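*Asks:* Return atomic coordinates for the entry below.
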Amino acid sequence: MAPGILVALPGGFLGRRFGERPVVGVGLSLMALGGAVAALATGPAGIGVGRVIAGAGAVTLIVMQGTMVSDRFTGRSFMPVMSLLVGAFPVGAGLAGLSHRPLTAAFGWPGMFAAGAAIAAASAVLFLLTCGPSLRRGGVGFALPSRRECALVIIAGLIWTAYNAGYYGFLSYVPSYLAARGHPPAVAGSVLLVATWSNLPAVLIGGALAVRFGNWPVFLAGTLAGVVAVAGPALADWPYVWGLLFGIAGSVHAGVIVAVGTLSARPENRAVGMGLFYTAYYLGGTLLPALCGRAADLAGDPAGALVAAAILAATAIPLYRLHQWLQQRRSAP
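*Replies:* So this is what the prediction gives:
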């Protein structure tokens with residue numbers, strides 16, 4: 001996470017200056033290059049260099065995605081498309097989890113990294129061949145958006161950080177929690193499979209519900225469901241119940257959060273705004289997992305980390321209300 005703190009905002013400035021097409025192309029190319037460096041490495045240091053290169057490219061790509069969607073889709077089509085974008089991430093994570101073991105068994109760990117590099121390279125070629133000219137470009141200099149826009153996108157980034165504190169807390173500590181309760185590894189694999197693969201339909205449903213009922217009800221319902229699902233294992237040993245609740249109900253609002261962050265800045269400042277959004281996210285993502293780990297140590301049980309992750313996820317609610325208040329002030333006459 002830490003390199004993202006240094007890459008996200010410069011990526012936003014580059015996107016504003018040159019447009020998304022060359023910046024996304026460079027990001028995907030760096031992902032391919034980093035995977036190739038890791039595949040050719042002879043030890044941990046080389047793998048680390050490859051991961052840093054690929055990670056920098058991934059951050060650049062992620063920063064530009066929201067801007068690209070907001071430039072091309074408006075009105076009622078915006079939220080479903082944003083939800084599809086956000087929901088694709090857990091699908092990729094799930095596919096990676098399923099493919100790592102057979103790839104490593106067949107080709108060794110270099111084959112696993114090479115497969116990732118090949119996918120990124122193919123994506124770069126397809127993107128550059130199919131994506132038309134950038135819709136927005138030409139911003140000059142390193143001027144930030146207005147102070148209010150900066151505040152809005154940073155708060156939205158902290159909301160996204162809180163959501164992901166619960167998301168990664170669940171995925172990270174449920175396996176050790178289940179092992180401590182005597183469950184076999186197959187149960188942990190099944191629970192995580194349910195929790196990740198159900199995200200895509202859940203996020204898409206959440207986007208449709210947000211169009212119908214508004215962002216706040218969907219966000220509140222999803223946050224509360226996520227908090228209960230993450231803290232639930234500390235209360236009752238019902239792993240499949242918590243996995244289903246987490247994957248289906250606890251993820252419906254993910255697209256809403258990124259959409260709110262994307263629209264927090266004016267179109268001409270959106271690329272830089274998303275750079276600030278993800279800078280806040282990567283900063284929080286660097287620090288918060290350690291708090292969950294400390295909670296597990298103090299409790300002497302992985303359930304302590306899950307409770308801490310749930311508390312962090314719950315902070316998204318007051319942050320969202322603060323964002324709404326600032327947004328209303330901006331729109332007031």
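*Asks:* The least confident helix or strand in the chain by mean pLDDT - contacts with which helices or strands?
*Replies:* Every helix and strand in the chain was compared by mean pLDDT, DSSP states H and E; the lowest is helix 185-197, with a mean of 84. Applying 3 or more Cβ pairs under 8 Å, 6 or more residues apart in numbering; DSSP states H and E, one finds that helix 185-197 contacts helix 78-130, helix 147-180, helix 239-244. In short, each C-beta sits where N, CA and C put it, glycine included.
*Asks:* closest to residue 321 out of these?
*Replies:* helix 147-180 (10.1 Å; Cβ to Cβ).
*Asks:* Same list, the helices and strands packed on helix 185-197, but as a markdown table with mean neighbour count please.
*Replies:* Formatted as a markdown table, those follow (neighbours: other Cβ atoms under 10 Å):
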| stretch | mean neighbour count |
| --- | --- |
| helix 78-130 | 16 |
| helix 147-180 | 22 |
| helix 239-244 | 20 |
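*Asks:* rewinding a little: and for the least confident helix or strand of the chain, what's in contact with it?
*Replies:* 90-91, 93-94, 97, 170-171, 174-175, 178-179, 239-240, 242-244, 246-247 (Cβ atoms under 8 Å, 6 or more residues apart in numbering).
*Asks:* hang on, the earlier thing: tell me which of the helices and strands packed on helix 185-197 sits nearest to residue 34.
*Replies:* Among the helices and strands packed on helix 185-197, helix 78-130 sits nearest to residue 34 (Cβ to Cβ), with 7.5 Å.
*Asks:* and the closest one with helix 185-197, angle?
*Replies:* 90 degrees (axes from the mean of the first three to the mean of the last three Cα atoms, to 10 degrees).
*Asks:* tell me what helix 78-130 is packed against?
*Replies:* Where contact means 3+ Cβ pairs under 8 Å, 6+ apart, helix 78-130 is packed against helix 20-40, helix 44-72, helix 185-197, helix 199-213, helix 254-262.
*Asks:* Single out the most deeply packed of those.
*Replies:* Of all the helices and strands packed on helix 78-130, helix 254-262 carries the top mean neighbour count, a mean of 27, counting by mean count of other Cβ atoms under 10 Å.
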